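In: Quick one, fold the following:
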Amino acid sequence: MLVLVTYDVSTIEKSGRKRLRQVAKKCTDYGQRVQNSVFECSVEPDQYVRVKAELEKIIDNETDSLRFYLLGKNWVRRVENIGKSDAYNPDTDVFIL
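Out: Predicted coordinates:
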């Protein structure tokens, strides 16, 4: 299923900048960055539960926020892009490191 993960981490303090880096790093473990604080993650249900729990451990609930949009398996019909796009299909495109 495709999950869109968005976040807003307060970077006023040094600890916030560290959390921001940790959240971004954790998201790259599960998906592809599509905008500064937005990741598309093609995950199985158990992976979704895991990434959600891992991210919840990183953020400060008083100053930061996470949002998860569950687009499901038929996400292709639900995603529309206008303008510049480095679009990819997380279910079929392969990245070799």
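In: Every contact and neighbour count from this point should use C-alpha atoms.
Out: Fine.
In: how about whichever strand or helix holds Lys25 as PDB, C-alpha atoms only?
Out: Lys25 is part of helix 14-30 when elements are defined by DSSP states H and E. The C-alpha atoms that make up helix 14-30 are tabulated as PDB, following Å, rounded to 0.1, in the frame of the first residue of the first chain:
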ATOM      1  CA  LYS A  14      19.300  22.300  18.300                       C
ATOM      2  CA  SER A  15      17.400  19.200  19.500                       C
ATOM      3  CA  GLY A  16      14.700  20.000  16.900                       C
ATOM      4  CA  ARG A  17      17.200  20.100  14.100                       C
ATOM      5  CA  LYS A  18      18.500  16.700  15.200                       C
ATOM      6  CA  ARG A  19      14.900  15.300  15.300                       C
ATOM      7  CA  LEU A  20      14.300  16.700  11.800                       C
ATOM      8  CA  ARG A  21      17.400  14.800  10.500                       C
ATOM      9  CA  GLN A  22      16.300  11.600  12.300                       C
ATOM     10  CA  VAL A  23      12.700  11.800  10.900                       C
ATOM     11  CA  ALA A  24      14.000  12.300   7.400                       C
ATOM     12  CA  LYS A  25      16.500   9.500   7.700                       C
ATOM     13  CA  LYS A  26      13.900   7.100   9.000                       C
ATOM     14  CA  CYS A  27      11.500   8.000   6.200                       C
ATOM     15  CA  THR A  28      14.200   7.300   3.600                       C
ATOM     16  CA  ASP A  29      14.400   3.800   5.100                       C
ATOM     17  CA  TYR A  30      10.900   3.200   3.900                       C
END
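In: List the residues that contact Met1.
Out: With contact taken as Cα atoms under 8 Å, 6 or more residues apart in numbering, Met1 is in contact with 42-45, 70-75.
In: On the pLDDT front, check Ile82 for me.
Out: Here the pLDDT value assigned to Ile82 is 64.
In: Let's see which of the contacts of Met1 end up in helices.
Out: Residues of the contacts of Met1 located in helices (DSSP state H): Pro45.
In: Nice, that's everything, thank you.
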